[in-house]
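Colleague: coordinates only, sequence not included:
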């Protein structure tokens, strides 16, 4: 995983990171292989229960790194885990269809879920990719300009599913392959850094319900959301919900505040070029993410990430989860 420093480096901290030892990588591979039963399905109700139990047997150093991040995500709101078991030589071709997901457990997807379970509950959204718990992030022919995971133009900065009342607390992105030219980068930016560049008046406007964020194109039939603030919570350490491709201000003052926020977000931006086995854990409450542009070839070897969502508090979303399952309405 290569970190390229962009913008105001002095305004940002050092992203948290953990690299697995060879012994720990082997241990994670063994655990993941136990879950990678070719007859199983990640989305079956019993499979997450098996993964939750197995997650407690992850290497102690990896658990400690994830738990430290869970307690305090630092100024950047990003944890970089290097060395998860991904073998490019045994991977199938990168998917090329819209709405691609991973139903059958394999070693990489199982390792991703194992790490996710140390943060909280893995969830998905019924209106997005059919509610699959592990989703593929791949370029799709004809969708190059799409502002979403199927596109290959620059993806604007956003918090994941900012429109949804039960947006995830964490987004996890595991790299199986990067693009041919190794230029595609995960962009992140922390409100803890960006807010310091904003005046008190701008922050006050951003904390008022003067913004409407639409659902992304990957959601099917999502309702029109109500106006809400972009910044919420503690005034000196706010949470953020915004999507610069889908958030609209309701008046001129709100538009000016949103523009200043976008400039601040760009000033403290980071770029991570992921390698196979790199896992980026993004705290969706304080960190935005996006993607640089790249050129797909659609030859089976294109950039391929796998994604999970995690919520800290399952009780918060219980009314939206049928039969106390993992899929949100």
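Modeller: That came in fine, so what should we check first? Model, not experiment: these values are computed from the prediction.
Colleague: just the pLDDT for the closest residue to residue 93 other than its chain neighbours.
Modeller: The spatial neighbour of residue 93 that comes closest, neighbours along the chain excluded (CB to CB, 6 or more residues apart in numbering), is residue 300 at 3.2 Å. For the C-beta atoms, the positions are set from N, CA and C on the backbone; glycine is no exception. Per-residue pLDDT puts residue 300 at 96.
Colleague: what of residue 6?
Modeller: Note for residue 6: predicted pLDDT of 49.
Colleague: the one 4 residues further on now?
Modeller: Looking at residue 10, its pLDDT stands at 39.
Colleague: state the helix or strand in which the residue nearest to residue 93 lies.
Modeller: Secondary structure assigned from DSSP states H and E places residue 300 in neither a helix nor a strand.
Colleague: what's the answer for residue 258, then?
Modeller: Using DSSP H and E, residue 258 sits in helix 252-267.
Colleague: got the contact list for the residue lying closest to residue 229 once chain neighbours are set aside?
Modeller: Once flanking residues are discounted, residue 229 sits nearest to residue 207: 5.0 Å by CB to CB, 6+ apart. Contacts for residue 207 (CB atoms under 8 Å, 6 or more residues apart in numbering) come out as 229-232, 235, 238.
Colleague: repeat that for residue 298.
Modeller: If you count contacts by CB under 8 Å, 6+ apart, then residue 298 has 96, 139, 141 around it.
Colleague: what's the closest of the residues you listed to residue 17?
Modeller: Residue 17 has its nearest neighbour among the contacts of residue 298 in residue 139, at 27.0 Å by CB to CB.
Colleague: now do the SS call for the closest one.
Modeller: Recorded secondary structure, residue 139: coil (DSSP: H, G, I helix; E, B strand; the rest coil).
Colleague: tell me which element the nearest residue to it once chain neighbours are set aside is part of?
Modeller: Distances taken as CB to CB, 6+ apart put residue 296 closest to residue 139, at 3.8 Å, once the chain neighbours are dropped. If you go by DSSP H and E, residue 296 is not part of any helix or strand.
Colleague: same check, this time on the one 10 residues further on
Modeller: Assigned by DSSP H and E, residue 306 falls within strand 304-311.
Colleague: how about that strand: buried residues?
Modeller: Neighbour-count burial for strand 304-311, counted by 16 or more other CB atoms under 10 Å, picks out 304-311.
Colleague: and the helices in the stretch 1-150 of the chain, which stretches?
Modeller: Counting by DSSP state H, counting those that start in this stretch, the stretch 1-150 of the chain has helices at residues 22-35, 46-55, 60-71, 107-117.
Colleague: and those helices, which is most packed in?
Modeller: Here the criterion is mean neighbour count by mean count of other CB atoms under 10 Å, and of the helices of the stretch 1-150 of the chain the winner is helix 107-117, at a mean of 26.
Colleague: can you name the residues in contact with it?
Modeller: 28-29, 31-33, 35-36, 42, 48, 51-52, 54-55, 58, 62, 66, 81, 84-87, 91, 102, 122, 133-134, 170, 172, 174, 176, 279, 281, 306, 308, 310.
Colleague: and for stretch 278-286?
Modeller: By CB under 8 Å, 6+ apart, the surrounding residues in contact with stretch 278-286 are 1, 66, 69, 73, 77-82, 84, 112, 115, 119, 159-160, 167-175, 186, 188, 190-192, 239-240, 272, 274, 289.
Colleague: quick one: mean pLDDT for it?
Modeller: Mean predicted lDDT for stretch 278-286 stands at 98.
Colleague: cool, stretch 220-231 as well?
Modeller: 86.
Colleague: next one: stretch 102-110
Modeller: pLDDT averaged over stretch 102-110 gives 96.
Colleague: check contacts around the residue most central in space within the chain.
Modeller: With distances taken as CA atoms, centre = their mean, residue 171 lies nearest the centre of the chain, 2.7 Å away. The contact partners of residue 171, taken as CB under 8 Å, 6+ apart, are 160, 281-282, 284, 289, 307-310.
Colleague: what about 6 Å?
Modeller: By CB atoms under 6 Å, 6 or more residues apart in numbering, the contact set of residue 171 is 160, 282, 284.
Colleague: so how far is residue 246 from the first one?
Modeller: Counting by CB to CB, to the nearest Å, the gap between residue 160 and residue 246 amounts to 12 Å.
Colleague: returning to what we had before: contacts for the helix holding residue 258?
Modeller: 7-8, 157, 189, 194, 197-198, 202, 205-206, 210, 244, 249.
Colleague: could you measure from the residue sitting furthest away from the middle of the chain over to residue 242?
Modeller: Computed with CA atoms, centre = their mean, the residue of the chain farthest from its C-alpha average is residue 252, at 31.1 Å. Look at residue 252 and residue 242: by CB to CB, they are 18 Å apart.
Colleague: mind listing the helices for the stretch 151-300 of the chain?
Modeller: For the stretch 151-300 of the chain, the helices defined by DSSP H, counting those that start in this stretch occupy 191-194, 200-206, 252-267.
Colleague: most tightly packed of the ones you listed?
Modeller: Counting by mean count of other CB under 10 Å, helix 191-194 has the highest mean neighbour count of the helices of the stretch 151-300 of the chain, with a mean of 26.
Colleague: state the mean pLDDT of that helix.
Modeller: Taken as a whole, helix 191-194 carries a mean pLDDT of 98.
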